[in-house]
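Colleague: Quick one, fold the following:
(2 chains)
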Protein chains: 2
Amino acid sequence: MAQQEVQNGGGVEKDAAAPTVSTVTFTAVKPQISVEAPKANDAVQFYKAAFGAEEVGRTMHSKRKAEQETPLILSAELSLAGSTVLVSDLVADSAAPVKSGGSGGVVLCLETEDVAAAIAKAVSAGAVAEGEVVEGEGACCGGSVGKVTDPYGFSWLICSPVKKCATVEA
Amino acid sequence: MAQQEVQNGGGVEKDAAAPTVSTVTFTAVKPQISVEAPKANDAVQFYKAAFGAEEVGRTMHSKRKAEQETPLILSAELSLAGSTVLVSDLVADSAAPVKSGGSGGVVLCLETEDVAAAIAKAVSAGAVAEGEVVEGEGACCGGSVGKVTDPYGFSWLICSPVKKCATVEA
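Modeller: Residues are numbered from 1 along each chain as shown, chains lettered A, B, ... in the order given. The predicted structure is shown next:
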């Protein structure tokens, strides 16, 4: 009765896409707030005072940007009401995919062990992949990260789980 | 040794603000995505297909808006990777505070039992309250909701915990 041949509106790529992509599992949703540099640290202090957030990790931009007068935050990880919120300095020349997430400055990061498969699944559902998957510095907290834009204009970061956020490199 | 008189950079209002506001507790952080109406339902279907989200509740706009041809979503509650993401139709004439959250379309909802105290605490830390606290239809899912803008330009909704989201009024 439950035949595969029922009309599902997208039969052409069905065999290729459906079995593979059904295995993608996301482990967390983390809003990332990008603050005009170098105000991310001030914003973190504000979120502590205003909302009772606790900072549980911070990763700085590497020091290879010698022209930086102020150390910039790649990602500060805040714990707030059982959720994680990331706060970053928005750097114009950063390789971070979030820079073009732009307007509003809040992008949702979906964490998964398999970034490539997650992007493929989203694209098969109608999202558009933006740029390449970036490793290391460009990612939320190290690891790898890619970006997709959904059909309604919202950007999503697809990130590998954070492992380096607890390392303060400042 | 732990004296109250240590310099803390904001001593003037200390006695009035600090003891009261320290009691605010947030129970959840929920990103709310506002989609150009009436595409929120399409967006929900997309997030199911692309990210494996599960819809766990939906509240529609009331029917007193007789001119609505399509029933509009006040808030659809999605479960995704252990988090809750809200999806709403963005209605130009809505009373919902999110309408002027605007650019980008993702606003973070902080849930708390005491919306007024939470707003007061945020304001005492430097946020600006936007508009009045709205009850019922204007809130994320019923209850009450207010909005503050932080010093970095981001909007936050301060909401009472969702109780009506599981009620489908369509």
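Colleague: What are the contacting residues of stretch A:38-54?
Modeller: A:33, A:35, A:55, A:70-73, A:76, A:78-80, A:85, A:87-90, B:24-26, B:110, B:118, B:121-122, B:125-127, B:148, B:150-152, B:156 (CB atoms under 8 Å, 6 or more residues apart in numbering or on different chains). Bear in mind the C-beta positions are built from the backbone N, C-alpha and C, glycine included.
Colleague: Can you flag the buried ones in those residues?
Modeller: By neighbour count, with 16 or more other CB atoms under 10 Å in any protein chain shown, the contacts of stretch A:38-54 hold A:33, A:35, A:55, A:72-73, A:76, A:78, A:80, A:85, A:87-90, B:24, B:26, B:110, B:118, B:121-122, B:125-127, B:148, B:150, B:152, B:156 as buried.
Colleague: okay, now A:A28: neighbour count?
Modeller: For A:A28, the count of nearby residues is 17 (other CB atoms under 10 Å in any protein chain shown).
Colleague: make that A:G131, sorry
Modeller: With other CB under 10 Å as criterion, A:G131 counts 13.
Colleague: Hmm, it is touching A:V145, no?
Modeller: No - between A:G131 and A:V145 there is no contact under CB atoms under 8 Å: 10.0 Å.
Colleague: what are the bridge partners for the residue lying closest to A:V133 once chain neighbours are set aside, then?
Modeller: Counting by CB to CB, 6 or more residues apart in numbering or on different chains, A:V133 lies nearest to A:G146, which is 4.1 Å off, once chain neighbours are set aside. Per DSSP bridges, the residues bridged to A:G146 are A:I158.
Colleague: Next one: A:G146 relative to chain B, how far apart?
Modeller: 13 Å (CB to the nearest CB, to the nearest Å).
Colleague: tell me the contacts of that residue?
Modeller: Here A:G146 is in contact with A:97, A:115-116, A:119, A:129-134, A:157-158 (CB under 8 Å, 6+ apart).
Colleague: how does it look with 6 Å?
Modeller: A:115, A:119, A:133, A:158 (CB atoms under 6 Å, 6 or more residues apart in numbering or on different chains).
Colleague: For A:A50, grab phi and psi.
Modeller: Main-chain torsions, A:A50, degrees, to the nearest 10: phi -80, psi -40.
Colleague: Any idea how many residues pack against it?
Modeller: 24.
Colleague: ok, for it, nearest residue in space, not its chain neighbours?
Modeller: Among residues not flanking A:A50 along the chain, B:A125 sits closest, at 3.7 Å (CB to CB, 6+ apart).
Colleague: List the backbone torsions phi and psi for that neighbour.
Modeller: phi -90, psi -10.
Colleague: which strands and helices sit next to the longest strand seen in chain A?
Modeller: Looking across chain A with DSSP state E, the single longest strand is strand A:26-36. Other helices and strands packing on strand A:26-36, by 3 or more CB pairs under 6 Å, 6 or more residues apart in numbering or on different chains; DSSP states H and E, are strand A:83-90, strand A:106-112.
Colleague: Tabulate those strands (CSV), appending distance to chain B and mean pLDDT.
Modeller: Listed next are the helices and strands packed on strand A:26-36 as CSV, based on distance: least, CB to the nearest CB, whole Å; pLDDT from 0 to 100:
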stretch, distance to chain B, mean pLDDT
strand A:83-90, 4, 93
strand A:106-112, 4, 93
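Colleague: Columns distance to B:A43 on top of the ones you listed, output as CSV?
Modeller: Written out in CSV, the entries for these read as follows (distance: least, CB to CB, whole Å):
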stretch, distance to B:A43
strand A:83-90, 21
strand A:106-112, 13
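Colleague: can you tell which of those strands is closest to B:G105?
Modeller: Among these, strand A:106-112 comes nearest to B:G105, with 8.8 Å by CB to CB.
Colleague: Each with direction, which strands does that closest one pair with?
Modeller: strand A:26-36 (antiparallel), strand A:155-159 (parallel).
Colleague: Okay, now the unreliable bits of chain A?
Modeller: A:1-22, A:63-69, A:92-104, A:136-142, A:163-170 (pLDDT under 70).
Colleague: same thing but at 50, please
Modeller: The model of chain A has pLDDT under 50 over residues A:1-19, A:21, A:95, A:97-104, A:164-170.
Colleague: Now do the strands in it.
Modeller: A:26-36, A:54-60, A:73-80, A:83-90, A:106-112, A:128-135, A:144-149, A:155-159.
Colleague: closest to B:V162 out of these?
Modeller: strand A:83-90 (14.8 Å).
Colleague: Kindly export the closest one (C-alpha atoms) in PDB.
Modeller: Taking C-alpha atoms only, strand A:83-90 is exported to PDB below (Å, rounded to 0.1, in the frame of the first residue of the first chain):
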ATOM      1  CA  SER A  83      20.400  27.300  24.900                       C
ATOM      2  CA  THR A  84      23.600  28.400  23.300                       C
ATOM      3  CA  VAL A  85      23.900  31.800  21.600                       C
ATOM      4  CA  LEU A  86      27.000  32.800  19.700                       C
ATOM      5  CA  VAL A  87      28.300  36.400  19.500                       C
ATOM      6  CA  SER A  88      30.900  37.400  16.900                       C
ATOM      7  CA  ASP A  89      32.600  40.400  15.700                       C
ATOM      8  CA  LEU A  90      31.500  41.100  12.200                       C
END
